[in-house]
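model this:
(4 chains)
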4 protein chains.
Amino acid sequence: MSASRKIAFIGLGIMGSPMAANLVKAGHHVTGYNLQQPAIDALVAAGGHGATSIAEAVADAEVVITMVPADPHVLQVVLGEGGVLENVKAGTLVIDMSSITPQTSIKVAAAAKEKGVRTLDAPVSGGEAGAVEAVLSIMVGGDDAADFAEAKPIFDALGTTVVHVGPAGAGQTVKAANQLIVAVNIQVLAEAVVFLENAGVDLAAALDVLGGGLAGSTVLNRKKGNMLNREFAPGFRIDLHHKDMGIVTDAARAVGAALPVGAVVAQLVASARANGDGSLDHSALLRGVERLSGRTVA
Amino acid sequence: MSASRKIAFIGLGIMGSPMAANLVKAGHHVTGYNLQQPAIDALVAAGGHGATSIAEAVADAEVVITMVPADPHVLQVVLGEGGVLENVKAGTLVIDMSSITPQTSIKVAAAAKEKGVRTLDAPVSGGEAGAVEAVLSIMVGGDDAADFAEAKPIFDALGTTVVHVGPAGAGQTVKAANQLIVAVNIQVLAEAVVFLENAGVDLAAALDVLGGGLAGSTVLNRKKGNMLNREFAPGFRIDLHHKDMGIVTDAARAVGAALPVGAVVAQLVASARANGDGSLDHSALLRGVERLSGRTVA
Amino acid sequence: MSASRKIAFIGLGIMGSPMAANLVKAGHHVTGYNLQQPAIDALVAAGGHGATSIAEAVADAEVVITMVPADPHVLQVVLGEGGVLENVKAGTLVIDMSSITPQTSIKVAAAAKEKGVRTLDAPVSGGEAGAVEAVLSIMVGGDDAADFAEAKPIFDALGTTVVHVGPAGAGQTVKAANQLIVAVNIQVLAEAVVFLENAGVDLAAALDVLGGGLAGSTVLNRKKGNMLNREFAPGFRIDLHHKDMGIVTDAARAVGAALPVGAVVAQLVASARANGDGSLDHSALLRGVERLSGRTVA
Amino acid sequence: MSASRKIAFIGLGIMGSPMAANLVKAGHHVTGYNLQQPAIDALVAAGGHGATSIAEAVADAEVVITMVPADPHVLQVVLGEGGVLENVKAGTLVIDMSSITPQTSIKVAAAAKEKGVRTLDAPVSGGEAGAVEAVLSIMVGGDDAADFAEAKPIFDALGTTVVHVGPAGAGQTVKAANQLIVAVNIQVLAEAVVFLENAGVDLAAALDVLGGGLAGSTVLNRKKGNMLNREFAPGFRIDLHHKDMGIVTDAARAVGAALPVGAVVAQLVASARANGDGSLDHSALLRGVERLSGRTVA
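Here you go, the predicted structure:
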């Protein structure tokens, strides 16, 4: 068992709450801060501690974890007035586990470095269930391998696949690639579904045999039920995937990588959102293929 | 153990030879015919029988299996002069395991029906290794469930996933969908690889963590080695996948199913071929993304 | 004025009827044949002659013109039983002005050559109005420049732009390229229209200024009215453009030319058709962009 | 003739210099400012006046025109320290003729409004030649029609097509649409060229006949020479068009407009740049289609 650490946890939302609770379970001293009080109360009930400000939460922390919705929140929470960098001691390790752009992670890392603060970007994959069950995949960027080594026991309390993938921003880059692959794998599965149905094939049987061969994928396994039953409760919302497709197309543009298929799928995700499907699970890309194929979509 | 059947096997190529041998092992009486004699000799050496014509091969057969390269070969072997339909008894079950267009399978089925001959289309997935090890996925189309039931023990000697997916042509339709999904999954993996490399990420580490989450796929597992090492010995050749993308785009067009992403990938597969990569493994779609991204490709 | 020729005209439809009449006006001896009698009667009323069979129509002809809907009709009318090749004298010049695949034109040319019959493929652009007013563009393929020279005075009675673009099939190839460019130019105009409207711009003013610069095109000039008024009476029907996109994607595939954008637009044309817009003018591709953008399309 | 106005002109580059000179010719009192002195000297030699700072240039101006490369320059020149807004009198009309994002134009307009300064965004199309010959197309956005009316005589000294297209930002939106249409029209022309060449057609003849029909466009007229001769000296550089494709895809995303084809072409423009063609004319998109089609590109 790893040594207990003093951890400040900023952002106790759907993902952050169970993650903070898992850190408590693993024996860490966790002080949480959140804009809404009930999430703090829940952490305290689970054995953690509460703070009334970021300043208070991070005052004694050895490690700070942030888990917030998007780039502006990270900028405000970490770099903003009353934020993490203003209040931590030099040498603290700040781990941002939000899913944001690589550029923002790099900007945060540079600003922290100037104050002698160490950083990792460590976005996760696996959703709420993965957070609750502590089976997240965690892709970690950071300039110093020693920082990753120090954080590894903490990550191990949160997930099962934990990999240091490169320098600052690299975690976000891999997360972006993850979202790219997932969106495209869903889209082509949707195209296959409409094709198979239009051709009069037994879809359930077809998906079984497809899943057993080279066409098999985690997307097919996990989303075929949604597609067969036209049941699109999220899961992962199209609105969020739309944000992520913006991140990956911008990031790829910045490094000169061609995304001929990714760019088309980004349009189709945007189209799904424009058609009112933003709050459905991303498997609802099927509805877009149905619309293109002239079907009436309920 | 199932009853021994009298089987004629037409087409003893890279796939057909090990399949015929597996039928012999399973206790069937197999008579092979092939344009080149050595493949017939090999079947005889494995305990089968040889014939000098299709007529001779199918004369006493209860079941005829054909395994040939493309639509014209099926049309000639089954419908042509001296072909299967001219020479089999009424009631024989003719199983075409070639990968061809659904339309041709439907045409063959109709012509056979006129002569009182029963048919199944049963293309396979799994490649040469799958044929040798008898672990193929077999997607079966046929109008009569009883025909599938009769053929099931024979298929079980060849593969591990055997599914009746619909009426005549449906097997080919599912195979087409399989090839669609595989090509797109490879293409987006290639886009992700170039993006990750350009962004300075540790690619091997990134692919490990990607494989563990929702972005995971059989394509990622089996092809990441090719991509990491730029090692593109086939495997499944781009030339063949180009043929298959033609089948699926035509078939989708015929049934009014939209393939916005499939159509783009069909162009990229064609482009790979035009760039001289036709005899490489389909994972060499990576080379096309590299070209689009301005890299020099050896 | 050019010398009067004995011309057989097969196919007196929406295009063929006014074309045949224009040839009469130009002083030629025109004998028409059509499946429906009224069109023949109209030609006779206009000063032409009627025939009750292809055989009778072409018996004394120096030049035969065919103008029929699609490949199968050309194959039947020219190569079929009782068709043109069976009934013309050696040396006759057979000009097919239908819009079909280059491959079929090449096949017809080869079959004709075996019988000593000369051919040109000469599809047209300009629609019914262009046919009536004799201002068609005519793109001519043929292996022998002398044949084109001989036909030139005839073409000049039908159109204003008449160009010999290459060997047999080349006329059809250029027609295919024409349809490719037109479809894509319409599609991008439609994307611009929805973008401009969503952004709150005065669309009519914007199209005026766009038309005056490098973004100007014949498509913009002729179709902006359709788009501004959502008035999509044909004009040129999406169903026909769908057929043509099939021709150009197949032809490009056959010669190894990449159509990354053309392939996407082919899908969007197919989608328009699948959504019930097949009988609208091709400017109705706008409706597809509106659907993708989440608008309700009446 | 219109009344003489006191105009400050900020940004005397390739476009700004001839535009400022044309305003002098039209009888206006023009004071120029530029980072490099020689351009100021040239304006003085042409009958204008020079300033050593933005503050000095705009001190007495009734109208301020800015013509700079990109968003950051506009933000700095207009909103920055020592910039236009700090130094103009309330009521001044500030016209930004740069090509930037609609969002930045809206931001500038809002900031100006707070200080009682009026603004127009008025990007141009027509290139250096259009600027020199005063035949630019000018697409003007602005909330107040009276501001456009006041500026109209000034615009008329610079261009021949001058249209008020909507509120603040609308000029930039139309410019973005212009660049979208131009890029796609070039791309499909390039696809047609490679297709026609591969098919063995006489390209020059084919482009002639295509230009005469519905496929005709200003792009075809002006760029066919570049394509026929593989002569790609700019003209308008791919690097700049790459910037513009970023603007239009972002702007369309912001207003929920689908760009399925525009997004693909944005990738192809980026690919051209990644392949080292950034300083060539945008007609060099042809080289990308050639690469995709397996040709060696010099």
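
going forward, measure contacts and count neighbours with C-alpha atoms only.
OK.

alongside chain C, which residues does the stretch 151-298 of chain A contribute?
Residues of the stretch 151-298 of chain A lying close to chain C by C-alpha under 8 Å from any C-alpha of the partner chain are A:Leu268, A:Ser271, A:Ala272, A:Arg273, A:Ala274, A:Asn275, A:Gly276, A:Arg291, A:Leu292, A:Ser293, A:Gly294, A:Arg295.

pretty sure A:His164 belongs to a strand, no?
Yes - according to DSSP: H, G, I helix; E, B strand; the rest coil, A:His164 belongs to a strand.

in the sheet, who's paired with it?
With DSSP bridges applied, the residues forming beta bridges to A:His164 are A:Val140.

check what pLDDT it gets.
Taken from the predicted model, the pLDDT recorded for A:His164 is 97.

ok, now how distant is it from A:Ala149?
Noted for A:His164: a distance of 9 Å to A:Ala149, by C-alpha to C-alpha, to the nearest Å.

comparing the two, which residue is more hemmed in?
A:His164 (26 against 12; other C-alpha atoms under 10 Å in any protein chain shown).

OK, contacts around the more buried one?
Listed by C-alpha atoms under 8 Å, 6 or more residues apart in numbering or on different chains, the contact partners of A:His164 are A:Met139, A:Val140, A:Gly141, A:Gly142, A:Ala145, A:Phe148, A:Gly171, B:Ala205.

can you rerun that using 10 Å?
By C-alpha atoms under 10 Å, 6 or more residues apart in numbering or on different chains, the residues touching A:His164 are A:120-122, A:138-145, A:148-149, A:152, A:170-171, B:201-202, B:205-206, B:209.

that one and A:Val108, how far apart?
Relative to A:Val108, and taking C-alpha to C-alpha, A:His164 is found at 18 Å.

those helices in chain A, which residues are they?
Assignment of helices within chain A using DSSP state H yields the ranges A:16-25, A:37-45, A:54-58, A:71-74, A:84-87, A:102-114, A:127-132, A:145-156, A:170-198, A:203-211, A:218-229, A:238-254, A:260-272, A:285-292.

what packs against the fifth one?
Read that as helix A:84-87. Using 3 or more C-alpha pairs under 10 Å, 6 or more residues apart in numbering or on different chains; DSSP states H and E as the contact criterion, the elements in contact with helix A:84-87 are helix A:54-58, strand A:63-66, helix A:102-114.

make a markdown table out of these and add mean pLDDT, mean neighbour count and distance to D:Asn178.
As requested, those are exported to a markdown table (pLDDT from 0 to 100; neighbours: other C-alpha atoms under 10 Å in any protein chain shown; distance: least, C-alpha to C-alpha, whole Å):
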| stretch | mean pLDDT | mean neighbour count | distance to D:Asn178 |
| --- | --- | --- | --- |
| helix A:54-58 | 97 | 23 | 48 |
| strand A:63-66 | 98 | 25 | 43 |
| helix A:102-114 | 97 | 20 | 30 |
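
dump these to CSV, plus distance to chain D.
CSV is the format used below for these (distance: least, C-alpha to the nearest C-alpha, whole Å):
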stretch, distance to chain D
helix A:54-58, 32
strand A:63-66, 28
helix A:102-114, 17
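
of all the ones you listed, which lies closest to chain B?
Shortest distance between chain B and the helices and strands packed on helix A:84-87, using C-alpha to the nearest C-alpha, is found for helix A:102-114: 9.4 Å.

is chain B within reach of that closest one?
Yes - where contact is defined by C-alpha under 10 Å from any C-alpha of the partner chain, part of helix A:102-114 touches chain B, namely A:Pro102.

list the helices and strands that helix packs on?
Packed against helix A:102-114 by the contact rule (3+ C-alpha pairs under 10 Å, 6+ apart) you find helix A:71-74, helix A:84-87, strand A:93-96, strand A:118-121, strand A:136-141, helix A:170-198, helix A:238-254.

highest average neighbour count across these?
Mean neighbours per residue, mean count of other C-alpha atoms under 10 Å in any protein chain shown, is largest over the helices and strands packed on helix A:102-114 for strand A:136-141, with a mean of 30.

and the angle from that one to helix A:102-114?
Using axes from the mean of the first three to the mean of the last three C-alpha atoms, to 10 degrees, one finds that strand A:136-141 and helix A:102-114 are set 60 degrees apart in direction.

what about strand A:136-141, average pLDDT?
Confidence over strand A:136-141 (mean pLDDT, whole number) is 96.

can you check stretch A:33-40 too?
For stretch A:33-40, the per-residue pLDDT averages 96.

in it, which residues are buried?
For stretch A:33-40, the buried set under the neighbour-count rule, 16 or more other C-alpha atoms under 10 Å in any protein chain shown, comprises A:Tyr33, A:Asn34, A:Ala39, A:Ile40.

list the residues that contact the residue of the stretch 1-150 of chain A found nearest chain D.
Ranked by C-alpha to the nearest C-alpha, the top residue of the stretch 1-150 of chain A for proximity to chain D is A:Thr101, at 15.7 Å. By C-alpha under 10 Å, 6+ apart, the contact set of A:Thr101 is A:70-71, A:169-173, A:175-176, A:244, A:246-248, A:250-251.

what do you get for A:Gly211?
If a contact means C-alpha under 10 Å, 6+ apart, then A:Gly211 has A:Ser217, A:Thr218, A:Val219, A:Leu220, A:Asn221, A:Lys224, B:Ser137, B:Thr161, B:Asn178, B:Ser217, B:Thr218 as its contacts.

need the pLDDT of it.
A:Gly211 is assigned a predicted lDDT (pLDDT) of 94.

over to the one 5 residues further on?
Among the per-residue scores, A:Gly216 shows a pLDDT of 95.

these two touch, right, it and A:Val209?
Yes - the pair A:Gly216 and A:Val209 qualifies as a contact (C-alpha atoms under 10 Å) at a distance of 8.9 Å.

between these two, what contacts are shared?
Taking C-alpha under 10 Å, 6+ apart as the contact criterion, the residues that touch both A:Gly216 and A:Val209 are B:Asn178.

by average pLDDT, which secondary structure element in chain A comes out worst?
Of all helical and strand segments in chain A, the minimum by mean pLDDT, DSSP states H and E falls on helix A:127-132, at a mean of 91.

TSV for the helices of chain A, including distance to D:Glu231?
Putting those into TSV (distance: least, C-alpha to C-alpha, whole Å) gives the following:
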stretch	distance to D:Glu231
helix A:16-25	58
helix A:37-45	65
helix A:54-58	61
helix A:71-74	45
helix A:84-87	55
helix A:102-114	38
helix A:127-132	53
helix A:145-156	51
helix A:170-198	37
helix A:203-211	49
helix A:218-229	47
helix A:238-254	27
helix A:260-272	27
helix A:285-292	40
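
before I go, just wanted to say thanks for your time.
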